[in-house]
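Visitor: Need a 3D model of the following:
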Amino acid sequence: MSIGVLEVEFYLGDCRSLKEKRQRLLGLRERFGRAHNVAVCESDHQDLLQRAEWTFVAASSGRAVVERALTDIERNLQASVDAEIIGVRREWLD
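Guide: Below is the predicted model of the structure:
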């Protein structure tokens, strides 16, 4: 069993309220949590206006499947999120 963790930190420079921040990042859980082997959560900076951290955990019997899932998530985030990605960290738990 391979388990990969992808932590992504976002900067929302022009965000004016927590409500706006949550609206801009709202679709992450729905979009990426649909995959049967991926779990998604907002993992840090919940009370800060201009920063957010989200964690994506993927599990599979093969490391290549997990690597592909996390790479796809990271690529999709860069193309679709209304925020600047300021940090990305991967960790393996196998």
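
Visitor: Point me to the helix or strand that includes Gln78.
Guide: Assessed by DSSP states H and E, Gln78 sits inside helix 63-80.

Visitor: which helices and strands does that helix pack with?
Guide: strand 2-11, helix 27-32, strand 51-60, strand 84-92 (3 or more C-beta pairs under 8 Å, 6 or more residues apart in numbering; DSSP states H and E). In short, each C-beta sits where N, CA and C put it, glycine included.

Visitor: Run the chain-centre distance for the lowest-mean-pLDDT helix or strand in the chain.
Guide: The weakest-scoring helix or strand in the chain, judged by mean pLDDT, DSSP states H and E, is helix 27-32 (a mean of 78). Centroid separation for helix 27-32 versus its chain: 9 Å, with C-alpha atoms, centre = their mean, to the nearest Å.

Visitor: Show me which residues of it are buried.
Guide: 28, 32 (16 or more other C-beta atoms under 10 Å).

Visitor: do stretch 77-85 as well
Guide: Buried residues in stretch 77-85 (16+ other C-beta under 10 Å): 77, 81, 83.

Visitor: Please identify which of these is nearest to Lys19.
Guide: Distance to Lys19, by C-beta to C-beta, is smallest for Ala83 among the buried residues of stretch 77-85, at 15.0 Å.
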